[in-house]
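J.: model this:
(chains A and B)
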Amino acid sequence: MTATMNAGAASSAAGLHKPRPRRHRRGRERSTALSVIVWALALYFLLPLVWLAIASTKDTSDLFSTFGFWFGDSFALWDNIQGVFGYKDGIFGRWALNTLLYAGVSAVGASFLATLAGYGFAKYGFRGSNLMFSIVLGAIMIPLTALALPTYLLFSSAGLTNTVWAIIVPSLVSPFGVFLMRVYSADAVPDSLIEAARVDGAGEFRTFFTVAFRLLVPGFITVLLFALVATWNNYFLPLIMLNSSDLYPLTVGLAQMQSAGTSGGGGEVLFSTVITGSFISIVPLIVAFLFLQRYWQSGLSAGSVKG
Amino acid sequence: MAVTTVDAPARRAARSKPSRGKARHSAVGYLFVLPFMVLFVAMVLVPLGYSAYLSLFEEKLIGGEAFVGLKNFAEALMDEAFLGGVGRMALFLVIQVPIMLGLALFLALAIDSGRTRASRSARLLAFMPYAVPGVVATLMWGYLYGPDFGPIAQGFEALGLTPPDMLGESGILGSMMNIVTWEYVGYNMIIMYAALRSIPTELYEAAAIDGASQIRIALSIKIPAIRPAIMLTVIFSVIGTFQLFNEPALLDSIAPVVITNGFTPNFYAYNVAFVNQDVNYAAAIAFLLGLVIAVMSYVVQLSSQRAERKVRR
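T.: Numbering: from 1, shown residues only, chains lettered A, B, ... in the order given. Reported below is the predicted structural model:
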């Protein structure tokens, strides 16, 4: 497998370079036709979520009898929310906390390890570093299943399945994060700065933590966000690793809820619970996304701090 | 899987290796990469090796595991369920990926051109589905497609028409393509958009002064300039397509007849391992799947390089 990714190009792909100054071109005319097409597409992305929001305000009979894109006769959002959090003695809240724990710990750990390694690869020419980096880069292409199955068997023989470690430890490895941080470190931390710290007698790690890391923060946050979304959204790994529903993250929990609702008796009652549960589970993430937009911005495109 | 990565900084670093300052501190480099590499070996290389080992064995009723060489691989290559899944994903690759990346490129260019109203909000909206977990996206679209209270069916019925069977034999693949498109256009758009923002403005301001149209600028300056970013999205899409799992796994409960256990190769590997409990065969399938992905990515890169050479000539 030959991965001929040009790192410089890929870094601009990830937007790690300094963005060009945003000139306000006042004289430029806007195109109505283009706006219409772009906004039609934007509606395509938005409407399903609007439907989900509206559906979570309906009780089951309204769900079946009223039009999907408008509110029903009753406003059952609070009842539905109570239904979600009351489901099986409040296990939904547990799932939410688990998701927060798995995603938070994995993302911080993964981006920290990736930053250390990326910086090491970028700033120290040690024997075998190119080979190691090539292997890491190649791992981006290994399908998750090819790894998840043997990882499950290995964890199982170590008695680690059905524990939080079974989710967190595999999620700590982010080859793509190492790749991004290597490209980013090469740009963002000038060699002269490291050299100056050395002259001042600072150790290499002290230099990293006191000088270099500060310059790496935007890249670090970018990797953090990617890792956060990846773990938050992961379904396959927790599905195979976990047995007890107390440990489920939201993804596995919701999927189980849905299949229980479809196959078991009294399924219709669960429709609004699953819908409202889905809605509740994406609200924090979407709010976080909108709020963190500026960090995506600064991390993805503000790029090199050296200017 | 052998990987030869040629990237510019790596080559530069290799050339500048003899510089004494670096050599002195090179040992420290190991310490920086050590924590990651330990986990990488434990969580990637060891499982990969173990998977390769497993794929060469077979569980016998009597006598436990027996070495069978490449028998599992030979079996998989004749296995209609596996081949059907791979074929279905190839269809996915040919139809869905161009649509998804085309839309992403169009949006990125439209927003970058600064000619759309409220383009910031449009960009945010397009990116939002990326924040929605695949599980929730599939559940949601499953309801939207559904015949009971799905608004699409409601719309058709209101017009007195028969709604299309989006969860039936003929519709399910298209429905799945739509879910994946909805989820990932924004993600790909952001990668392309970030690349567009880093093109020096001078490159096309001159062209604009010379009277080149926006479309012409997009085609002959912007798209060639972000070719590496586009290649990155193509390769990620190839990998993502052959790994599809959430969508078939979740649609299975609402469309159990049409979602066979080999609907996608990844779903098949899961079913073989955890439903049939045939770990050895599942390992062989997962390995072959990795090989398919590697070959496809290689072909994509090769054809892109060839195209680039042609352009240069």
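J.: now do the same contact list for the closest residue to residue A:204 other than its chain neighbours.
T.: Sequence neighbours aside, residue B:28 is the residue nearest to residue A:204 in space, at 4.3 Å (criterion: CB to CB, 6 or more residues apart in numbering or on different chains). Where you see a C-beta, it was placed from the backbone N, CA and C, and this is true even at glycine. Contacts for residue B:28 (CB atoms under 8 Å, 6 or more residues apart in numbering or on different chains) come out as A:124, A:204-205.
J.: emit the ChimeraX select command for whichever of those are buried.
T.: Here is the ChimeraX command that picks out the buried ones among the contacts of residue B:28, judged by 16 or more other CB atoms under 10 Å in any protein chain shown:
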select /A:124,204
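J.: among the contacts of residue B:28, which lie within helices?
T.: Among those, the ones falling in helices (DSSP state H) are A:204-205.
J.: now do the phi/psi pair for residue A:202.
T.: phi -80, psi 140 (degrees, to the nearest 10).
J.: now the residue lying closest to it once chain neighbours are set aside: how far from residue B:295?
T.: Once flanking residues are discounted, residue A:202 sits nearest to residue A:210: 7.1 Å by CB to CB, 6+ apart. From residue A:210 over to residue B:295 the distance is 47 Å, taken as CB to CB, to the nearest Å.
J.: hmm, back to that, neighbours of the residue nearest to residue A:202, just the number please.
T.: 11 (other CB atoms under 10 Å in any protein chain shown).
J.: does it sit in a helix, a strand or a coil?
T.: The three-state assignment at residue A:210 reads helix, by DSSP: H, G, I helix; E, B strand; the rest coil.
J.: does it really touch residue A:200, like I thought?
T.: No: using CB atoms under 8 Å, residue A:210 is not in contact with residue A:200, being 10.6 Å away.
J.: so what sits against both of those two?
T.: By CB under 8 Å, 6+ apart, no residue touches both residue A:210 and residue A:200.
J.: using PDB, write down the CA coordinates of stretch A:98-107.
T.: As requested, the backbone C-alpha atoms of stretch A:98-107 are provided in PDB (Å, rounded to 0.1, in the frame of the first residue of the first chain):
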ATOM      1  CA  ASN A  98     -20.700   7.100  30.200                       C
ATOM      2  CA  THR A  99     -20.500   8.700  26.800                       C
ATOM      3  CA  LEU A 100     -19.100  11.900  28.400                       C
ATOM      4  CA  LEU A 101     -16.500   9.900  30.300                       C
ATOM      5  CA  TYR A 102     -15.400   7.700  27.300                       C
ATOM      6  CA  ALA A 103     -15.300  10.600  24.900                       C
ATOM      7  CA  GLY A 104     -13.700  13.100  27.300                       C
ATOM      8  CA  VAL A 105     -10.900  10.800  28.600                       C
ATOM      9  CA  SER A 106     -10.200   9.300  25.200                       C
ATOM     10  CA  ALA A 107     -10.100  12.600  23.400                       C
END
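J.: any idea of the pLDDT on residue 5?
T.: By default, I'm working from chain A. We have a pLDDT of 38 for residue A:5.
J.: oops, I was thinking of chain B
T.: 42.
J.: the helix or strand containing residue A:270 and chain B in contact?
T.: Element membership of residue A:270 [criterion: DSSP states H and E] is helix A:267-297. Yes: contact between helix A:267-297 and chain B, assessed by CB under 8 Å from any CB of the partner chain, occurs at A:271, A:274-275, A:278, A:281-282, A:285-286, A:288-290, A:293, A:296.
J.: buried stuff in whichever helix or strand residue B:104 is part of?
T.: Using DSSP H and E, the element containing residue B:104 is helix B:80-112. Under the neighbour-count criterion of 16+ other CB under 10 Å, helix B:80-112 has B:81-82, B:84-86, B:88-89, B:92-93, B:96-97, B:100-101, B:103-112 buried.
J.: restrict these to those near chain A?
T.: B:103, B:107, B:110-111.
J.: just send those residues back as JSON lines, with pLDDT too.
T.: Below are those laid out as JSON lines (pLDDT from 0 to 100):
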{"residue": "B:103", "pLDDT": "97"}
{"residue": "B:107", "pLDDT": "94"}
{"residue": "B:110", "pLDDT": "92"}
{"residue": "B:111", "pLDDT": "90"}
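J.: looking at these, which is nearest chain A?
T.: Minimum distance to chain A across those is 5.1 Å, recorded for residue B:110 (CB to the nearest CB).
J.: which residues of the chain score low on pLDDT?
T.: By default, I'm working from chain A. For chain A, the stretches flagged by pLDDT under 70 are A:1-29, A:145, A:262-269, A:293-307.
J.: that answer is for a different chain, and I need it for chain B
T.: Those would be B:1-25, B:311-313, if you go by pLDDT under 70 across chain B.
J.: which positions in the stretch 201-313 of chain B make contact with chain A?
T.: Counting by CB under 8 Å from any CB, the stretch 201-313 of chain B comes close to chain A at B:201, B:226-229, B:231-232, B:235, B:239, B:242-243, B:245-246, B:249-250, B:253-254, B:266, B:269-270, B:273-274, B:279, B:282-283, B:286-287, B:289-290, B:293-294, B:297-298, B:301, B:305.
J.: so of those, which ones are in helices?
T.: Going by DSSP H, the helices hold B:227-229, B:231-232, B:235, B:239, B:242, B:246, B:249-250, B:266, B:269-270, B:279, B:282-283, B:286-287, B:289-290, B:293-294, B:297-298, B:301, B:305 from these.
J.: could you turn the buried ones of these into a ChimeraX selection?
T.: Remark: buried members of those, expressed as a ChimeraX selection using 16+ other CB under 10 Å:
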select /B:227,228,229,231,232,235,239,242,246,249,250,266,269,270,279,282,283,286,287,289,290,293,294,297,298,301
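J.: the closest residue to chain A within the stretch 101-250 of chain B: neighbour count?
T.: Per CB to the nearest CB, residue B:194 is where the stretch 101-250 of chain B lies closest to chain A, at 2.5 Å. Neighbour count for residue B:194, taken as other CB under 10 Å: 25.
J.: how close does it sit to residue B:226?
T.: Residue B:194 is 9 Å from residue B:226, by CB to CB.
J.: so how far is the helix or strand containing residue A:198 off the chain centroid?
T.: Using DSSP H and E, residue A:198 falls within helix A:191-199. How far helix A:191-199 lies from its chain's middle: 35 Å, per CA atoms, centre = their mean, to the nearest Å.
J.: which residues are in contact with it?
T.: If you take CB under 8 Å, 6+ apart as the criterion, helix A:191-199 is touched by A:123, A:204, A:206-207, A:210-212, A:215, B:21, B:25.
J.: among those, which ones are buried?
T.: Buried members of these, counted by 16+ other CB under 10 Å: A:123, A:204, A:207, A:211-212, A:215, B:25.
J.: biggest separation within those, which pair?
T.: Farthest apart among the buried ones among the contacts of helix A:191-199 by CB to CB are A:215 and B:25. That separation is 18.2 Å.
J.: so residue A:125 makes contact with residue A:186?
T.: No: Residue A:125 is beyond contact range of residue A:186, at 11.9 Å (criterion: CB under 8 Å).
J.: compare these two (neighbour count), which wins?
T.: When residue A:125 and residue A:186 are compared for neighbours, residue A:186 comes out ahead with 24 against 21, by other CB under 10 Å.
J.: which SSE is that one in?
T.: Using DSSP H and E, residue A:186 falls in helix A:175-188.
J.: so how far is that helix off the chain centroid?
T.: So, by CA atoms, centre = their mean, the centroid of helix A:175-188 is 18 Å from its chain's centroid.
J.: now stretch B:116-133
T.: 20 Å.
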